[in-house]
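A.B. asks: below are the sequence and a predicted model; questions follow.
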Amino acid sequence: MTRLSVNINKIATLRNARGGNNPDVVKVAIDCERFGAQGITVHPRPDERHIRYSDVINLKKVVKTEFNIEGYPDERYLKLIKEVRPAQATLVPDEPAAITSNAGWDTLKNASFLKEVVQQIKSLGVRVSVFVDPSPRMVEGAAKISADRIELYTEPYAQEYHLSREVAVKPYIECESIARRAGLGVNAGHDLDLNNLKYLVQSIPDLDEVSIGHALVCDALYYGLENTIQLYLKQCKR
């Protein structure tokens with residue numbers, strides 16, 4: 001099955017809104033794994049408006065599945081990766097003030113920068129995934145900089161899904177095929193939910209991993225965290 005990595009940023013957002021430690025981000029990560037999640041994802045931003053850098057250090061001590069740290073590869077991010085040594089580092093091109101990731105890397109224009117960063121992170125024994133739009137040229141660019149995986153940006157898929165799911169998924173099928181031929185693993189994330197996830201997984205049967213946070217946390221308000229994770233795991237079955 002495609003692996004489910006739960007992004008717990010929104011849990012931290014809720015905690016930070018009131019102060020204190022409720023909900024407890026570390027406990028939620030432990031529970032997500034206990035309920036079946038195969039990975040935990042965090043995206044610590046410079047202003048620490050949700051996940052804090054101290055959270056990342058604390059999570060490293062308890063996460064037993066794959067720990068994935070997303071972020072823009074500036075000096076602070078790279079220092080964190082070196083200290084924590086997660087299973088995976090996912091590189092995103094976000095500006096510091098971005099609300100959420102809303103575009104992939106231009107892996108051609110940024111090839112020199114990304115290649116140096118990728119080599120630096122891989123030397124630590126950390127797998128590197130590069131966040132890209134569903135564009136064959138961007139996938140090919142990711143292969144040239146020696147990334148291990150790509151993460152396909154799926155907001156366009158989610159937006160088009162209700163109009164024509166066949167049209168929506170077509171560029172993702174093409175990009176997955178190109179990635180595999182180039183030796184890249186394939187992840188996906190952004191705006192995936194209980195409505196559109198299953199079709200994506202069935203259409204791309206070799207999809208390695210999906211990272212889901214916002215929709216999953218919203219669904220947990222209604223179904224409970226354990227039930228919600230089980231529902232998402234069912235959608236991840238090929």
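C.D. replies: In hand now; what should we look at?

A.B. asks: tell me the bridge partners for the closest residue to Lys122 other than its chain neighbours.
C.D. replies: Among residues not flanking Lys122 along the chain, Val128 sits closest, at 5.7 Å (CB to CB, 6 or more residues apart in numbering). The C-beta positions use only the backbone N, C-alpha and C, and glycine is treated the same way. Listed by DSSP bridges, the beta-bridge partners for Val128 are Ala89.

A.B. asks: any idea how far Val128 is from Lys115?
C.D. replies: 11 Å (CB to CB, to the nearest Å).

A.B. asks: is it true that Met138 touches Asn110?
C.D. replies: No - counting by CB atoms under 8 Å, Met138 sits too far from Asn110 to count as a contact (10.3 Å).

A.B. asks: residue contacts, His50?
C.D. replies: By CB atoms under 8 Å, 6 or more residues apart in numbering, the contact list for His50 reads Asn9, Lys10, Ala12, Thr13, Asn16, His43.

A.B. asks: 6 Å instead?
C.D. replies: Contacts for His50 were tallied using CB atoms under 6 Å, 6 or more residues apart in numbering; they are Asn9, Ala12, Thr13.

A.B. asks: now the helices for the protein?
C.D. replies: 9-18, 25-34, 53-60, 75-84, 111-122, 136-144, 155-161, 165-181, 197-203, 214-223, 225-235 (DSSP state H).

A.B. asks: now render these as CSV, adding mean neighbour count.
C.D. replies: Compiled in CSV, these are given as follows (neighbours: other CB atoms under 10 Å):
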stretch, mean neighbour count
helix 9-18, 17
helix 25-34, 19
helix 53-60, 17
helix 75-84, 16
helix 111-122, 17
helix 136-144, 20
helix 155-161, 18
helix 165-181, 17
helix 197-203, 19
helix 214-223, 17
helix 225-235, 18
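
A.B. asks: what distance do you get for Ser123 to Gly224?
C.D. replies: Applying CB to CB, the value for Ser123 to Gly224 is 42 Å.

A.B. asks: looking at these two, which one has more neighbours?
C.D. replies: Ranked by neighbour count (other CB atoms under 10 Å), Ser123 and Gly224 place Gly224 first, with 12 against 9.

A.B. asks: for that one, give its distance to Ser129.
C.D. replies: When distance is defined by CB to CB, Gly224 is 30 Å away from Ser129.

A.B. asks: and for Ala188?
C.D. replies: Ala188 is 10 Å from Ser129, where distance means CB to CB.

A.B. asks: what of Pro46?
C.D. replies: According to CB to CB, Pro46 stands 21 Å off from Ser129.

A.B. asks: before we move on, what about Ile40?
C.D. replies: When distance is defined by CB to CB, Ile40 is 15 Å away from Ser129.

A.B. asks: can you pull up the bridge partners for the residue positioned nearest the centre of the chain?
C.D. replies: For the chain, the residue nearest the mean C-alpha position is Ser211 (4.1 Å; CA atoms, centre = their mean). For Ser211, the beta-bridge partners are Ser5, Gly189 (DSSP bridges).

A.B. asks: this completes my enquiry, with thanks.
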